[in-house]
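# Pasting the sequence and the predicted coordinates here, then a few questions.
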Amino acid sequence: MDMKAVAVYCGASAGNDVIYQQATKQLAKWLVDHQLELVYGGGGVGLMGLLASTVLELGGKVHGIMPRELVERGASKANLTSLEVVENMSIRKRKMIEASDGCIVLPGGPGTLEEISEAYSWTRIGDNNNPCVLFNVAGYYDSLEKFFDEMTKKEFLTDTDREKLLFSDSLDEIYNFMENYQPPKIRAYQK
């Protein structure tokens, strides 16, 4: 896969442990080192703001996509490479996937979880060919990983599709997964 841009989902809060901010800076450096442009939600606070600022400081490109209501409330970050203002969150999520070649999630809250869950679920129906990865900083997503394994064990998720979602704290492993990713076979339904 020839990656040019990566969508990153992350918290509008910074979390209560400096390790989340350190991992965010590490991911920013990784993006720039691999000449990958950042596509993200356009925010200027929390891990979102830190990620964008760090990528820009390191000479990378940052493309924000944000709903108009959040821009009007002052949530957008200034001085991005580009900021696309859209009508709502559904459009933002679609455009982030379309503008990127992969999806990575850092620690975050319910909105972050919802975005990566939707991106991954879309891979299973053929609406997203991008690899989806949870950057599992300090075990943040361990319980979610166990839950996906449980889904698989209970046969709500196939083994083959489960292998298409990576939980990892290694950016080298994440890069290899994304570079070698093949989208899942589109599901066929039998009645």
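Noted; the coordinates are in hand. Residues are numbered from 1 along each chain as shown.

# mind listing the helices for the protein?
Remark: helices assigned in the chain by DSSP state H are 18-33, 46-57, 68-72, 89-98, 110-125, 142-153, 159-162, 171-179.

# Give me the helices and strands touching the shortest one, please.
To tie it back to what came earlier, the one meant is helix 159-162. Counting contacts by 3 or more CB pairs under 8 Å, 6 or more residues apart in numbering; DSSP states H and E, helix 159-162 is packed against helix 142-153. All C-beta atoms are positioned from the backbone trio N, CA, C, and that covers glycine.

# Check which residues of the helix it packs on are buried.
For helix 142-153, a neighbour-count test (16 or more other CB atoms under 10 Å) marks 144-145, 148, 152 as buried.

# can you redo the residues you listed as a markdown table with pLDDT and distance to M89?
Output for the buried residues of helix 142-153, formatted as a markdown table (pLDDT from 0 to 100; distance: CB to CB, whole Å):
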| residue | pLDDT | distance to M89 |
| --- | --- | --- |
| L144 | 97 | 21 |
| E145 | 98 | 25 |
| F148 | 97 | 24 |
| T152 | 97 | 29 |
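
# Out of the residues you listed, which two sit at the greatest distance?
With CB to CB as the measure, no two of those lie farther apart than L144 and T152, at 13.0 Å.

# one step back: okay if I get the helices of the chain as CSV plus distance to D2?
Listed next are the helices of the chain as CSV, based on distance: least, CB to CB, whole Å:
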stretch, distance to D2
helix 18-33, 15
helix 46-57, 20
helix 68-72, 32
helix 89-98, 16
helix 110-125, 18
helix 142-153, 28
helix 159-162, 24
helix 171-179, 9
